[in-house]
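Participant: Would you be able to build a 3D model of this:
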Amino acid sequence: MDNITDIPNATNLELWANWYRHVHGYAAPIVCIFGVVANILNIVVLTRKNMISPTNVILTGLAVSDGLTMAVYFIYAILSHHIYVNRPTPLTHAQFVMFYAIFSVIAHSISIWLTVALALFRYIFIRCPRRGGKLCSIDRAKLTVVIVSFVTTVVCIPNAVSYQIVDQGNGSSWYVDVKKTTATEIILTRFNFWIQAMLVKLIPCFLLTILSILLVKTMKDAEKRRKKLLSKPMKGSDDPRRPSKTNRTTRMLLAVVILFLVTEIPQGILNLISGIEEDFFDNVYTPLGDLMDILALINNGINFILYCTMSKQFRDTFIKLFLKDLVMDNNRGTYHCTQVTRDTEL
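Facilitator: Coordinates of the predicted model:
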């Protein structure tokens, strides 16, 4: 890779992109390793018997797609930022880059639409508490994951056919480029940008924004009902703690949704402009590619931290699975200290 600082006509954005590329080569693999491990832990915890629920089925699907995205990106980052730097790239590497360009978009798009499904399930559940269990059953959650995965893959077909492997001229170095030789290929490329911008980015972000507003409103209404229940004598079937637990879960899911919005809306806007302005992709979108990637990777790997900090059930299950011996030792120590104190006081 040539040093872009040697190019007189390089823009400030291109100069910054060249500087950040070296940082990204080390930051991205570290984030990917953490994210893959975190998503494996998510899958293990969320699939325990005590954790099975419609919401957790979708969260498991989300963890699978996020984990696969980060695993593939880890290989891509090592190859592109460390192994094949300032040296010819063989055909096998170009083929992998093409696979990565296709697979990562599909996996990440599945994550986005699963997040929409998650918000929709949650809204139906808290908006219609009596019918929510039937409308948002475990079987329907599993079916939703399958449908989202299939439809998203079909929608991403234009992206898959818009790339080509190009020989740099000597037969020893290859790279992946967007097809734009013929008028048909140019139309297909712009059509792909529009699909990526609208169906994979902006429309799901719009739906997530609406659902987030509805979730907040419904959550506030539930909190008002809970306070009314607390102010009245409790009946046999009343449990004012349940709305509070529901609100805690909803807040956690809202945090997941908001993080998606923060990372996906800018990418959607850039995709949309790339489909309108001919030179925007090369001059703006490409230099910002690594930055958008690292933001998406952080978002893909941060859910584990959110679950641990905002869900007591997830945290307790995780501790029971992976820190059981440590907790038991601490409990024995606490129990022993308590016994000594009691004997002393008596």
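Participant: in the protein, which spans are strands?
Facilitator: For the chain, the strands defined by DSSP state E cover 163-167, 174-178.
Participant: Determine which stretch of those is the most buried.
Facilitator: strand 174-178 (a mean of 16; mean count of other CB atoms under 10 Å). All C-beta spots, glycine's among them, are computed from the backbone N, C-alpha and C.
Participant: Can you tell me which helices and strands that strand packs against?
Facilitator: helix 91-127, strand 163-167 (3 or more CB pairs under 8 Å, 6 or more residues apart in numbering; DSSP states H and E).
Participant: now the ones you listed in TSV, with mean pLDDT?
Facilitator: Formatted as TSV, those follow (pLDDT from 0 to 100):
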stretch	mean pLDDT
helix 91-127	91
strand 163-167	88
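Participant: Return the most buried member of those.
Facilitator: helix 91-127 (a mean of 20).
Participant: how about the helices and strands packed on strand 174-178, which one is nearest Leu215?
Facilitator: Closest to Leu215 of these is helix 91-127 (CB to CB; 5.5 Å).
Participant: Next, the angle strand 174-178 makes with the closest one.
Facilitator: 40 degrees (axes from the mean of the first three to the mean of the last three CA atoms, to 10 degrees).
Participant: that older thread, dump the helices and strands packed on strand 174-178 to TSV, plus distance to Val36.
Facilitator: Output for these, formatted as TSV (distance: least, CB to CB, whole Å):
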stretch	distance to Val36
helix 91-127	13
strand 163-167	25
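Participant: thinking again about what came up before, minimum distance to Thr89: which of the strands of the chain has it?
Facilitator: strand 174-178 (5.9 Å).
Participant: Contacts for that closest one, please.
Facilitator: 89-91, 93-94, 97-98, 101, 162-168, 189, 281 (CB atoms under 8 Å, 6 or more residues apart in numbering).
Participant: Ok, stretch 79-90 next?
Facilitator: Residues contacting stretch 79-90 (CB under 8 Å, 6+ apart): 1, 21, 24-26, 28, 93, 96-97, 168, 170, 172-175.
Participant: Might you list the low-confidence residue ranges for the stretch 201-346 of the chain?
Facilitator: Applying pLDDT under 70 to the stretch 201-346 of the chain flags the ranges 226, 232-247, 325-346.
Participant: 90 instead?
Facilitator: Scanning the stretch 201-346 of the chain for pLDDT under 90 picks out 201-202, 205, 208-209, 211-286, 289, 306, 308-313, 322-346.
Participant: all helices of it, in order?
Facilitator: 203-231, 241-274, 280, 289-301, 303-310, 312-322, 324-345 (DSSP state H, counting those that start in this stretch).
Participant: Buried residues of the fourth one, list them for me.
Facilitator: Read that as helix 289-301. Gly289, Asp290, Asp293, Ile294, Leu295, Ala296, Leu297, Ile298, Asn299, Asn300, Gly301 (16 or more other CB atoms under 10 Å).
Participant: I figured the fifth one was touching Thr263, is that so?
Facilitator: This means Leu295. Yes: judged on CB atoms under 8 Å, Leu295 makes contact with Thr263 at a distance of 4.7 Å.
Participant: Nearest residue to the spatially most central residue of the chain in space, please, no chain neighbours.
Facilitator: Compute the mean C-alpha point of the chain, and by CA atoms, centre = their mean the closest residue is Asn300, 3.6 Å away. Nearest residue to Asn300 in three dimensions, chain neighbours excluded: Asp66, at 4.0 Å (CB to CB, 6 or more residues apart in numbering).
Participant: List the contacts of the one you found.
Facilitator: By CB under 8 Å, 6+ apart, Asp66 lies in contact with Gly35, Asn39, Ala107, Ser111, Asn300, Gly301, Asn303.
Participant: How much space separates it from Leu143?
Facilitator: Distance of Asp66 to Leu143, given as CB to CB, to the nearest Å: 21 Å.
Participant: same question, Arg315
Facilitator: On the measure of CB to CB, Arg315 and Leu143 end up 29 Å apart.
Participant: what do you get for Val166?
Facilitator: For Val166, the distance to Leu143 - CB to CB - is 41 Å.
Participant: ditto for Arg21
Facilitator: On the measure of CB to CB, Arg21 and Leu143 end up 42 Å apart.
Participant: same question, Ala107
Facilitator: 20 Å.
Participant: Over to Ala296?
Facilitator: When distance is defined by CB to CB, Ala296 is 27 Å away from Leu143.
Participant: Kindly report the same for Ser172.
Facilitator: 49 Å.
Participant: and what of Val31?
Facilitator: Using CB to CB, we find Val31 at a distance of 32 Å from Leu143.
Participant: Mind checking which of the two has more residues around it?
Facilitator: Neighbours were counted for Val31 and for Leu143 using other CB atoms under 10 Å; Val31 has more, 23 against 12.
Participant: Skipping adjacent residues, who's closest to the more buried one in space?
Facilitator: In space, Val31 is closest to Leu297, 4.8 Å off (CB to CB, 6+ apart).
Participant: tell me the two of the contacts of Asp66 that are most distant?
Facilitator: Longest span within the contacts of Asp66, CB to CB: Ala107 and Asn303, 14.9 Å.
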